[in-house]
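> Here is my input, please return the structure:
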Amino acid sequence: MVRWEFLGGVILGKTVLFLITLFVARAAFGSHRKSLARGALYGLFATQSNDFAVGLPVIKGVFAESHPSFITFFYLTGPTQVAWINPIAFAFLEAGKDRTEEEMIEQAGLTNFQMRRQAAVRVFKGVLLNPIILCTMGGLLANAIFGGVIPSPIISGSDPASPGILKTVK
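Numbers count the residues shown, from 1 in each chain. Alright, predicted model coming up:
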């Protein structure tokens, strides 16, 4: 059973750290849209660096006896990063992209609302088609289709490391 207070605490902590990093970078680099992209990149660095290399030994040392299930749930922090913070960061990165000369000529006769709508569609499309997001959504869809059980053809076709991996997902 998932300890939602632990997982919620991790998500809240990562979100707060991401937002602080984003706003500090925006304050440091100015208020143009490129600074949002730079802040999102720094936010990703701050929230993803050393989760398992540093965090897992700390969780094991602090909670091994009092809350041993936290060690198992710590592996859920990676997917929460992918499902929650990465799409937000990718949206800021997409919004901070330079427009090409062709795009600027194409948008020359558009109203402000139309340009913003085009930008929102471009950002949404960029986030949705991001390989990390696509693979995460594909994994969630496969989980729903197969009822949380990995099909035997996938298990038999996987590499010799699969016995160790399968113990962590059961």
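> remind me which residues of this protein are low pLDDT?
For the chain, applying pLDDT under 70 flags the ranges 1-2, 98-107, 155-170.
> for it, what spans make up the helices?
4-29, 33-48, 56-63, 69-73, 77-80, 86-95, 101-106, 112-128, 131-146, 152-157, 162-169 (DSSP state H).
> Pipe the ones you listed into a markdown table and attach mean neighbour count per row.
For every residue, glycine as well, the C-beta is placed using N, CA and C. Output for the helices of the chain, formatted as a markdown table (neighbours: other CB atoms under 10 Å):
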| stretch | mean neighbour count |
| --- | --- |
| helix 4-29 | 15 |
| helix 33-48 | 19 |
| helix 56-63 | 13 |
| helix 69-73 | 14 |
| helix 77-80 | 16 |
| helix 86-95 | 20 |
| helix 101-106 | 11 |
| helix 112-128 | 13 |
| helix 131-146 | 12 |
| helix 152-157 | 10 |
| helix 162-169 | 10 |
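> if I look at the nearest residue to residue 95 once chain neighbours are set aside, how far off is residue 151?
Ranked by CB to CB, 6 or more residues apart in numbering and with sequence neighbours excluded, the top spatial neighbour of residue 95 is residue 123, at 5.1 Å. From residue 123 across to residue 151, the span is 35 Å (CB to CB, to the nearest Å).
> Contacts for stretch 3-12 next, please.
Stretch 3-12 has contacts (CB atoms under 8 Å, 6 or more residues apart in numbering) with 67, 69-70, 73, 76-77, 80, 84.
> ok so, going back, wait, what's in contact with the residue nearest to residue 95?
Applying CB under 8 Å, 6+ apart, we find residue 123 in contact with 91, 94-95.
> Specify which member of those residues is nearest to residue 36.
residue 95 (6.4 Å; CB to CB).
> Tell me if I'm right that the closest one and residue 38 touch.
No. Contact criterion CB atoms under 8 Å: residue 95 and residue 38 do not qualify, at 11.7 Å.
> Common neighbours of those two, please.
Contacts common to residue 95 and residue 38, judged by CB under 8 Å, 6+ apart, are absent.
> got the phi/psi numbers for residue 64?
Main-chain dihedrals, residue 64, degrees, to the nearest 10: phi -60, psi -40.
> how near is residue 30 to residue 54?
Applying CB to CB, the value for residue 30 to residue 54 is 32 Å.
> same deal with residue 138?
30 Å.
> Against residue 38, how distant is residue 31?
Between residue 31 and residue 38 the distance, using CB to CB, works out to 12 Å.
> Let me fix that, I meant to ask about residue 9.
Distance of residue 9 to residue 38, given as CB to CB: 28 Å.
> How about residue 138?
To residue 38, residue 138 is 30 Å away according to CB to CB.
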